[in-house]
Structure formats: structure tokens, C-alpha cells
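> this one's structure only:
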């Protein structure tokens, strides 16, 4: 999983059945100082109710459950990062 | 998932059974200003009827459904990108 | 799998059901001299009881078991690295 | 999937059961001008009868079928690339 | 799959059940001249009896079989590389 910041969202009417009803968030991966990295922005399915500017955990390979699809997902909203330097 | 632009297509007669009947689109990943990135062009199976110059969402690991194959796919046509800077 | 160092952890109350009860470790990938690499920090589910500053093995695609989810995981604590130069 | 060129092959007697009988092709990913990229050479299982200098589509995550293994595979021989610039 | 060279091994007592009994090899990806690449060293489960300095094929996403785990694995020992330049 990566730490990322929610920077926007995407509107798409024509989409796979599997994505219907999903919130599509734009998220940018963060560097070691928790600043957004250049050209490291992805679109992820929201599964936790994240909003703009939230710091989140995103997983590219997360199977929401065995019976559903896999797509890059926001899997947690991060409250605090404890980092030892 | 990544934001990408449809930049062309590929013709391939000799291919895996799993790819028969699929439209093979060339897509180029976009940078933070939504310009095509150098040498970041992929070929993806179209599953939403995308056309040249469309902005799309592509997923490398998308299982169209449990009973079919996995291959990089175009999974949505993007109408609008809302990005907070 | 990659060699990485545990550099911190993350607190997240709002998260996927699949992550409930999991310890979320921040790990930084190591270079050839076993020093942390810049901007190569990930968040991984702990499955072996790793602690701060431990050298660990992490696997991005590890299915803990067939009946559970896949998420980047710390899968071993490394005691010794034998490297031929 | 990526566009790549077949640049050689690999001989390996001692290998996984799953790879027995497979043709192991060396393929190099192509840049935007369809020239081979430096240090982007992979080994892929041939599933379409590709030969030296062929332009092919390769998929890292292609499950040949549900009942068999996954390994990077050559999944199509490309006849023509239509690219809009 | 990538071409890599076995450069060492790792000792880990505390590890996932799925890794018990596995030989954990350090492997470094090779460049176009078959020299080790900087900071491209991984740890892979040996499944073919590879030893130090062997040139091997490694697959990050190889499912050893349907009923077992997935982890980066050494899947073949390479005897000869035929490369057209």
C-alpha cells in the first residue's frame, strides 16, 4: 500500500459494470516529507468515504472480496503517521 | 487505475484465444497537466467503446469477471476531471 | 519480495473491513548497501510481529491465504543477509 | 500490455514444472518511436508462435486460463500499429 | 519474468507459515549486457535448486500452483541466453 493524498475526482458515465456506483478519486502518492510526488497521480475506487485533501492508504491490488472485482482502491483514511527518522 | 489518452490501435491476427474479438487500443499515460508522458504507452483491451483522443481510465490488473481472463483494460471514458491544486 | 526497514507505523480508524485488527507498518525499501531508498516508503500489513528498525521481507502480492484478502505484507523478519559482491 | 520486440531466447533445462514445454522468448519493450528501450528486456512464455524480430504484445499478468499458471506471456503478434501523433 | 543473478541469501526465522521450508535467495536483475543493475535486488523463493552466481529467471507474480501462495520465485536456471543485437 502507498500513502497518498486525495487531490480530486473523476466523472465517467460510460464505464464497466464493475465500476458502477463507485466514487472515483484522484490520489497523488506522497514523498518522504509527505508532499505530493510529480506525475504519480492515480484514480482509485473509494471504499471508505474519503474526501478532498484526506491522507489515505491505497492498494493497487486489493481484492475487495473474493466475489468482486479488483481495482486500485482507497482502503483507509490515515489519521496519524508515526515516522522514525 | 491511471488516466490515459487513446492515441491509436493495434492490429494483430495471430493472438491468444482470450483476445479474439477484442479491440486493442494504444493508450498513453497522462502527467499532472494531462499531457501524454514520454514512453508510457500501453496496449489495452477496450471494454467501453472508447475512441481516438478519448481520455480514459485504464486498469492493468482488472479482472473483467471471475470467469474470464485478466488483461490491461480500458474500464471507463472520462468526461471531466476535477483536480484541486 | 523486497528487503525493507520498518520506519514507523500508521493509525487509521476508518478502514476496510479486511484491514481491521491489522498492524499497519511503514517500511522503506533498502538499496544495495542496505540503506533506505529515497521516496520508496510503503505501508504493509504486519503478519510476523515486526517492530521499529527491523529489517524485513515485504511482498506486494502476497495472498495471506486463499480465503482472505491480498495486501502488501511484511512476511518475514530478516536476521542475516549473506551477500556476495 | 506492452509493445515489445523479440530479441532472442533463453535455454533453461532446470525449471518449474509449469514452464516445461514452453518457449522462453527475450523481448524488449519499445519506446514511442518503436525503438527498443535500454534495460527493459524481459523473458516471456510464447503462446502464439512468435519469432525473432517480431513485434508482439506481452502481458505480465496474463492468466493463460483459470486452471493454469500465470507468467509473463507473449499474447499476440502485431501486424500494424496505427498511432495518431 | 526477468533475468537475474543469484547474489546471496537471507536467513529469517520468524516468517509466514507459507514461507516455511523455503530457500530465500537474493537476486539482482541484469541489464542488457547481463551485468547486475544498481538497487534492483529482490528476495525470491527458490523452486529449482539455484545456487550462488547462477543466472536465473524470476517471476514476481508466479502462482506456484492454484492451491498455494504467490510470492516472487526463481522459476528456472538459465543455461544459455541467445540475444540478437
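Yep, that arrived. Because the structure is a prediction, the values reported are computed rather than measured.
> is the helix or strand containing residue A:25 in proximity to chain B?
Residue A:25 is located in strand A:24-30, with elements delineated by DSSP states H and E. Yes: contact between strand A:24-30 and chain B is present through A:24, A:26 (criterion: Cβ under 8 Å from any Cβ of the partner chain). For glycine as for every other residue, the C-beta is placed from the backbone atoms N, C-alpha and C.
> other SSEs contacting that strand?
Secondary-structure packing of strand A:24-30 (3 or more Cβ pairs under 8 Å, 6 or more residues apart in numbering or on different chains; DSSP states H and E): strand A:2-11, strand A:36-46, strand A:55-59, strand B:80-83.
> one more time with 7 Å
Counting by 3 or more Cβ pairs under 7 Å, 6 or more residues apart in numbering or on different chains; DSSP states H and E, the packing neighbours recorded for strand A:24-30 are strand A:2-11, strand A:36-46.
> in its sheet, what does that strand sit against?
For strand A:24-30, the paired strands and their directions (DSSP bridges) read strand A:2-11 (antiparallel), strand A:36-46 (antiparallel).
> okay if I get those strands as JSON lines plus mean pLDDT and mean neighbour count?
Rendered in JSON lines, the data for the strands paired with strand A:24-30 read as follows (pLDDT from 0 to 100; neighbours: other Cβ atoms under 10 Å in any protein chain shown):
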{"stretch": "strand A:2-11", "mean pLDDT": "97", "mean neighbour count": "20"}
{"stretch": "strand A:36-46", "mean pLDDT": "94", "mean neighbour count": "19"}
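> so can I have a markdown table of those showing distance to residue D:80?
Putting these into a markdown table (distance: least, Cβ to Cβ, whole Å) gives the following:
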| stretch | distance to residue D:80 |
| --- | --- |
| strand A:2-11 | 32 |
| strand A:36-46 | 30 |
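> least trustworthy helix or strand in chain A by mean pLDDT?
Within chain A, judged by mean pLDDT, DSSP states H and E, the helix or strand with the poorest mean is strand A:73-77; its value is a mean of 91.
> hang on, the earlier thing: residue D:17: which of the helices and strands packed on strand A:24-30 is closest?
In this view, those are compared for proximity to residue D:17 by Cβ to Cβ, and strand A:2-11 is the closest at 35.1 Å.
> centre of the chain to that closest one, how far?
Its chain's C-alpha centre and that of strand A:2-11 lie 6 Å apart, by Cα atoms, centre = their mean, to the nearest Å.
> please name the bridge partners of the residue most central in space within chain A.
With distances taken as Cα atoms, centre = their mean, the residue of chain A nearest its centroid is residue A:74 (3.5 Å). Under DSSP bridges, the beta-bridge partners of residue A:74 are residue A:46, residue A:58.
> and what of residue A:15?
Beta-bridge pairing for residue A:15 (DSSP bridges): residue B:76.
> got the contact list for it?
Taking Cβ atoms under 7 Å, 6 or more residues apart in numbering or on different chains as the contact definition, residue A:15 lies against B:48, B:75-76.
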